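**Student:** When you get a sec, could you give me coordinates for this:
(one chain, ligands or ions: 1)
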Amino acid sequence: MKVVTLPDAAAIATAAADVVCACLASHPRVAIGLPTGRTPVALYAELVRRHRDEGVSFRGMIPVQLDELVGVPLDDARSFRAFLRRELLDHVDVAEACEVGFDGALDLAILGIGLNGHIAFNEPGSEATSRIRVVALEASTRDELRAAFAPAEAPREALTVGIADLLDSRRVVLLATGAHKASIVARALGGAVEASCPASFLQLHLGVTVLLDASAASGLGSLA
Ligand code: GLP
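**Tutor:** Next up, the predicted model:
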């Protein structure tokens, strides 16, 4: 696991975009796992800029959505699909359809991390052997969704690729920014490898790069 601390979210977006562009250049067709959440927004904006200004093509990308809320129609603006369209897919020359999950190993998985240690929507309790499935969302995760949903309507379940699907990925880039992520990042990277912190399973993968800002790295001591 390579842990890199960068000055700010813009530098993380640039470094992550470099990884995505190298992946796109490595093979005519590459399956790239795409997360939602606030963290990858700057990365997607940088990829759209590179497409527009530098001619980076996404025709060879198989866009793989890592997770989706159950019960939210794909054309609802609050669906994760709509988010990916809005932030990235509608603005680049992607040719392949976007689906949740992928029948094969991803070439690259881009990940954020939830405050409870989830990656994609593998909530605590998710095992290293887990595959794509529907999971129940923790109360704290549902609380985060309540900003977008009426209190009673916050989704209770999500479809997510599994930990094994992510560990099968040839390469993984985990992004985290902000002081609120510091303690879970420290636990995921330096704590026990266990299902109570699903992101800790990334310690088992040799091809993981973690891109952090100084705030998110502040709990790591000498690791970063
Ligand atoms: C979400 C997603 C994850 C994401 C995480 C962190 O709900 N299911 O894929 O990585 O929560 O989100 P954020 O980047 O907004 O902190």
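**Student:** The helix or strand of the chain at the bottom of the mean pLDDT ranking and the ligand, any residue contact?
**Tutor:** Every helix and strand in the chain was compared by mean pLDDT, DSSP states H and E; the lowest is helix 139-145, with a mean of 92. No. Using Cβ under 6 Å from any ligand atom, we find that helix 139-145 stays clear of the ligand, coming within 6.5 Å at best. Every C-beta, even on glycine, is put in place using the N, C-alpha and C of the backbone.
**Student:** how about the helices of this protein, start to end?
**Tutor:** Using DSSP state H, the helices of the chain run over residues 9-26, 41-54, 80-87, 139-145, 163-167, 182-190.
**Student:** Tell me which of the ones you listed is the most buried.
**Tutor:** helix 163-167 (a mean of 22; mean count of other Cβ atoms under 10 Å).
**Student:** hey, where'd the strands end up in the protein?
**Tutor:** For the chain, the strands defined by DSSP state E occupy 2-6, 30-34, 61-65, 67-69, 99-100, 108-111, 133-136, 157-160, 171-176, 208-213.
**Student:** Strand partners (parallel or antiparallel) of the shortest one?
**Tutor:** This points to strand 99-100. Partners of strand 99-100 in the sheet, by DSSP bridges, are strand 61-65 (parallel).
**Student:** can you list contacts of the strand it pairs with?
**Tutor:** The contact list for strand 61-65 (Cβ atoms under 8 Å, 6 or more residues apart in numbering) reads 24, 29-34, 80-81, 84, 88-89, 94, 96-102, 106, 161.
**Student:** Now restrict the residues you listed to buried residues only.
**Tutor:** 24, 30-34, 80-81, 84, 88-89, 94, 98, 100-102, 106, 161 (16 or more other Cβ atoms under 10 Å).
**Student:** hmm, back to that, quick one: closest of the helices of the chain to residue 211.
**Tutor:** Of all the helices of the chain, the one in closest proximity to residue 211, counting by Cβ to Cβ, is helix 9-26 (4.7 Å).
**Student:** And for the closest one, what's in contact with it?
**Tutor:** 4, 6, 30, 32, 40, 42-43, 45-47, 50, 56-58, 60-61, 107-108, 110, 171, 173, 175, 177, 209, 211-213.
**Student:** tell me the pLDDT at the residue nearest in space to the middle of the chain?
**Tutor:** Taking Cα atoms, centre = their mean, the centroid of the chain lies closest to residue 111, which sits 2.4 Å from it. With respect to pLDDT, residue 111 scores 98.
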